[in-house]
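Visitor: okay, sequence plus prediction incoming.
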Amino acid sequence: MKNLLPKRSENTHKGSYGRVVIIAGSRGMTGAPYLASKSALRAGTGLVYCLIPEILEYIMSIKLTEVIIKPIFDRSTGHFVKESIDSILDEIENVDAIALGPGMGVGGERVELVSKIIEKSNVPMVIDADGINCISKYPEMLNHKKSPVILTPHSGEIARLLKKDIKEIESNRKYYSQYISEKYDVFVVLKGHNTIVTSSQGELYINNTGNPGMATAGSGDVLTGIIASLLGQNLSPFDAAKLGVYLHGLSGDIAKDQRGEFGIIATDILEAIPYAILKMKS
């Protein structure tokens, strides 16, 4: 894992470490874009742009100091709508990686939006949470992608995607992770104890960092930001996913050492990312 960390040279600037776009959020779900955006910065990204429904602009501008906030027309609904699509496609033209889905909600217009972003994007992306739930309404949209896609589901989201019982997924985690990778030619990060990373080429990684205290709201949004950051720093999708889950778990272990398993919240994991990187480099 240490050898996968991006190298840094003296003569660089913020643009050298990736331009990452986080497409996330809806009314009542401002924590998800916050956690994903801040985690991308903590994992080393030079520039993070957060695309949110415009009704959330003021609260996100207060919550995020170092992130560039991009309000997107939302018809005052508090969520992305059909008319949001063109503006979002314009914003993702000159970036290095995309994170799509956290706290976005699920609905017909958002399903169409996710489908269009997958179809039009020319850069690798990680899709999490409601992004995956939107895909589950029309999984064939994955067949129209131009660039690598990493899905980061938990077992419930895989169950919805495959129309299977969650107990069936839980009892055959490696099989179903690999199955989705091969069926849709995507990279899969199946979250949970011993998170599994698979590719359509048969690559398999089982993670050994992390602890039960990380089972807390927002933990997955932190992981999404870390993986998007590593994609933006030019790691291959499989390496970005593999290093991302390792670093996420290590950050959770540091938070556990500081606060104990019962008191960990997602922000604790986020703030431990730089210390996890230091530990890996030492």
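Guide: Looks like it arrived, so ask away. Residues are numbered from 1 along each chain as shown.

Visitor: so A255 sits against A266, correct?
Guide: No. With contact defined as C-beta atoms under 8 Å, A255 and A266 do not form a contacting pair (9.5 Å). From N, CA and C alone the C-beta is placed, and that goes for glycine too.

Visitor: ok, the two, which is more surrounded?
Guide: Residue environment comparison for A255 versus A266 gives the larger neighbour count to A255, 28 against 24, counting by other C-beta atoms under 10 Å.

Visitor: what about the closest residue to D239 other than its chain neighbours, how many residues nearby?
Guide: If you skip the residues right next to it in sequence, D239 has L4 as its closest partner in space, 5.3 Å away by C-beta to C-beta, 6 or more residues apart in numbering. Under the neighbour criterion other C-beta under 10 Å, L4 is assigned a count of 16.

Visitor: which elements pack onto the biggest helix by length in the chain?
Guide: Using DSSP state H, we find that the single longest helix of the chain is helix 237-259. When contacts are defined as 3 or more C-beta pairs under 8 Å, 6 or more residues apart in numbering; DSSP states H and E, helix 237-259 packs onto strand 149-152, strand 187-190, strand 196-198, strand 204-206, helix 219-232, helix 266-281.

Visitor: ok, which stretches of this structure are helices?
Guide: Using DSSP H, the helices of the chain run over 31-42, 57-63, 85-91, 108-120, 130-137, 155-162, 166-171, 173-184, 219-232, 237-259, 266-281.

Visitor: where are the low-confidence patches of the stretch 101-250 of the chain?
Guide: By pLDDT under 70, the stretch 101-250 of the chain contains no weakly predicted segment.

Visitor: how about the closest residue to G156 other than its chain neighbours, what does it touch?
Guide: Nearest residue to G156 in three dimensions, chain neighbours excluded: I166, at 5.6 Å (C-beta to C-beta, 6+ apart). Contacts for I166 (C-beta atoms under 8 Å, 6 or more residues apart in numbering) come out as 155-156, 159.

Visitor: in PyMOL, select just the buried ones from the residues you listed.
Guide: The buried subset of these, as determined by 16 or more other C-beta atoms under 10 Å, is captured in PyMOL by this line:
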select buried, resi 155+159
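
Visitor: which of the contacts of I166 lies closest to S84?
Guide: Using C-beta to C-beta, the shortest approach to S84 within these belongs to G156, at 26.6 Å.

Visitor: distance check, the spatially closest residue to R75 that is not a sequence neighbour against G263.
Guide: The spatial neighbour of R75 that comes closest, neighbours along the chain excluded (C-beta to C-beta, 6+ apart), is V81 at 5.1 Å. When distance is defined by C-beta to C-beta, to the nearest Å, V81 is 39 Å away from G263.

Visitor: those two: which is more packed in?
Guide: Neighbours of V81 and G263, each counted by other C-beta under 10 Å, are more numerous for V81; the result is 20 against 12.

Visitor: settle this for me: that one is touching V111, isn't it.
Guide: No. The pair V81 and V111 does not pass the contact test of C-beta under 8 Å, sitting 11.8 Å apart.

Visitor: so for stretch 231-238, what gets flagged as buried?
Guide: Judged by neighbour count using 16+ other C-beta under 10 Å, the buried positions of stretch 231-238 are 231-233, 235, 237-238.

Visitor: neighbouring contacts of it?
Guide: With C-beta under 8 Å, 6+ apart as the contact definition, stretch 231-238 has outside contacts at 4, 6, 17-20, 40, 44-45, 95-97, 123-126, 148, 150, 187, 197, 199, 203, 205, 240, 243.

Visitor: perfect, that will be all.
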